[in-house]
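S.K.: Below are the sequence and a predicted model for it; my questions follow.
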Amino acid sequence: MATTPPRDVQVLTIAADTEVLRSRSWNRLRFEIEYALERGTTANSYLIRGDRLALIDPPGGSFTDAFLTSLAEQVDPTDLDYVVLGHINPNRVETLKVLLEKAPQATVVCSNPAAKALEDLLGNAQPAYQVIKGAEETLDLGQGHQLRFLPVPTPRWPDGLWTYDDYTQVLFSDKFFGIHRCDNPVYDLNWGDLLEDRRYYFDCLMAPNARQVTVALERLEGLTLRMVAPGHGPVIAYSSRETVQSYRQWSQQQRGQELSVTLIYASAYGNTATVAQSLARGITKAGVSVESINAEYADPDEIKTAIEKSAGFLIGSPTLGGHAPTQIQTALGVVLSTASKNQLAGVFGSFGWSGEAIDLLENKLKDGGYSLAFDPIRVKFKPTEVTLKYCEEVGTDFAQALKKVKRAKAPRTPATSVEQAVGRLVGSLCVVTTQREELSSAMLASWVSQATFTPPGLTVAVAKDRAIESLLYPGSAFALNILKEGQHLGPMRHFLKPFAPGEDRFADIETDAAENGSPVLKEAIAYLECEVANRMECGDHWVVYATVTAGQVLQAEGKTAVHHRKTGTHY
């Protein structure tokens, strides 16, 4: 039986007097949607040794013991002069508390929002602080290491802070420019192979904050980036220019969408923020932009401006002491006085023992004459993987509803000759099915084609807003069920119908299980067991290339069903 590698810390010098301590886990860390590729992760911390010693970004609590053991092998904790925090959360505080017990003399360098959060999170064990309030503040470590601090707040990380070392020209970027992937290479030598992971990380974490990301990138003007040292993934030594340019391009794509949704929330312990992140992921993958607003740090005018420009809005809150936080109540007042009754709305939240804040939001919006596009999402304690997938599907449905309203208002135009000609392309009617632990999904597919002989391989086009899309990344297994002519109408109708978020796609469908765990339709004429090898972004679809690992003909007699269309503008 294979054993899981233990968590360890990899140490390497990356620049003059600068080391990275990569806390590594090959297991997926649960309850965060950006870990869904299941390639493990690294939590990167950095040591700079000048006349004074600075530690940048200690990892979260799951790495506390391994990290502190490795740190003690590099330096005596009592020699630490500074601990620099790119952001803070309850998970990172677990390590910080133990670290400060060993290094009580260390000064914590962080943004003003982080310092305020630490007052509550650290309780009586308050260290000395150097609070960064602007972009002109520096810290001289000696031996040429002059650290420059750049506040980069986003709704998810309002305390975001970059650190730039003028001497080594290294940018310590914390949450920006990272990926979740655990392997041995410290650097991005094969940076092209990491592009998909980097895009996935951006889509999950940064796309809903595209406006703030654009502002942050402007902070790089005038800086020479010899290297980017992110909080997760390899150190970027070979593709810093390409990575920054990709962030610019992806942010512009998000901000250029025709429709937008305002997503307002507050989060006490990070759970409501994680739900908001999943909703945003579902919305953005459907081609609608998101303007995320953390009500704890936003002023009413910012909320008002966003609501006025959006086609719909979502508002989420934790329940604290049986109530919604004051900032959410203020934001709700702005929404009620600003939003049009024609704007679609939604409510979500998390709670420990009760959910009065969610009830408040729901009742106030309904009393105000707003239509809720879905039943309020109520999450008790931490959201599970199934819950997060449900939230993503809710977000996609919300975006599709907005697009449907827009299409209904647009004048109809007849199909052009080109569109009619494209429609004459035909493809086999198939059903793609997959199962990963508790998650399963399926979709009807007709854009399917054999692609290679050796190894046997095929391509299938998957629309970006399909629920199954997030389960079809490289390494994922699925089954391609090929339908039989004359027996295809039943499965076709079933898998064409709109499914509610979280609805079982296989209810009333007879299936067996393939060797790779994917459902096999008993009505299929044949099936292929496949593994995703690669995928390419193509307009509003992903083209997935998969190799065939097994297969079987279930009905020797009969022909494959083919899908005929009159226009190339829809399926």
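M.R.: Cool, got the structure. Numbering: from 1, shown residues only.

S.K.: Tell me where the chain has helices.
M.R.: 64-74, 90-102, 112-121, 195-201, 210-218, 240-255, 271-285, 300-309, 326-338, 356-367, 385-409, 417-422, 489-496 (DSSP state H).

S.K.: how about those helices, which one is nearest Met443?
M.R.: Closest to Met443 of these is helix 489-496 (Cβ to Cβ; 6.5 Å). C-beta here means a position set from N, CA and C on the backbone, and glycine is covered the same way.

S.K.: Give me whichever of the helices of the chain is most buried.
M.R.: helix 271-285 (a mean of 26; mean count of other Cβ atoms under 10 Å).

S.K.: In contact with Val562, which residues are there?
M.R.: Val562 makes contacts with 426-429, 485, as judged by Cβ atoms under 8 Å, 6 or more residues apart in numbering.

S.K.: which residues pair with it across the strands?
M.R.: Judged by DSSP bridges, the bridge partners of Val562 are Ser428.

S.K.: Pull up the gap between the residue nearest the centre of the chain and Trp26, please.
M.R.: For the chain, the residue nearest the mean C-alpha position is Cys204 (1.6 Å; Cα atoms, centre = their mean). With distances taken as Cβ to Cβ, to the nearest Å, Cys204 is found 20 Å from Trp26.

S.K.: list the contacts for the residue nearest to the centre of the chain?
M.R.: Contacts of Cys204 by Cβ under 8 Å, 6+ apart are 33-34, 36, 277, 281.

S.K.: residues contacting the residue nearest to Gly486 when sequence neighbours are not counted?
M.R.: Spatial nearest neighbour of Gly486, chain neighbours left out: Gly558 (7.2 Å); criterion: Cβ to Cβ, 6 or more residues apart in numbering. Gly558 sits next to 484-487, 525 when contact means Cβ under 8 Å, 6+ apart.

S.K.: any idea which of the residues you listed has the most stuff around it?
M.R.: Ile525 (23 neighbours; other Cβ atoms under 10 Å).

S.K.: That one contacts Glu557, doesn't it?
M.R.: No: assessed by Cβ atoms under 8 Å, Ile525 is found out of contact with Glu557, at 9.0 Å.

S.K.: who touches both of the two?
M.R.: Common neighbours of Ile525 and Glu557 (Cβ under 8 Å, 6+ apart) do not exist.

S.K.: can I see the domain layout of this protein?
M.R.: 8-253, 258-409, 422-563 (automatic domain parsing).

S.K.: Redo the ones you listed as CSV? Include mean pLDDT.
M.R.: Compiled in CSV, the domains of the chain are given as follows (pLDDT from 0 to 100):
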stretch, mean pLDDT
domain 8-253, 94
domain 258-409, 95
domain 422-563, 95
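
S.K.: I'd like to know how far Lys285 sits from Glu392.
M.R.: Counting by Cβ to Cβ, the separation of Lys285 from Glu392 is 8 Å.

S.K.: Which residues are in contact with each of those two?
M.R.: Common neighbours of Lys285 and Glu392 (Cβ under 8 Å, 6+ apart) are Ser470.

S.K.: Can you get me a residue count around the nearest residue to Arg52 once chain neighbours are set aside?
M.R.: Spatial nearest neighbour of Arg52, excluding adjacent residues (Cβ to Cβ, 6+ apart): Asp81 at 4.0 Å. Around Asp81 sit 18 other residues, with neighbours defined as other Cβ under 10 Å.

S.K.: Touching, Asp81 and Ala103? I think so.
M.R.: No: counting by Cβ under 8 Å, Asp81 does not reach Ala103; the two are 9.1 Å apart.

S.K.: which residues do those two both contact?
M.R.: With Cβ under 8 Å, 6+ apart as the test, Asp81 and Ala103 reach no residue in common.
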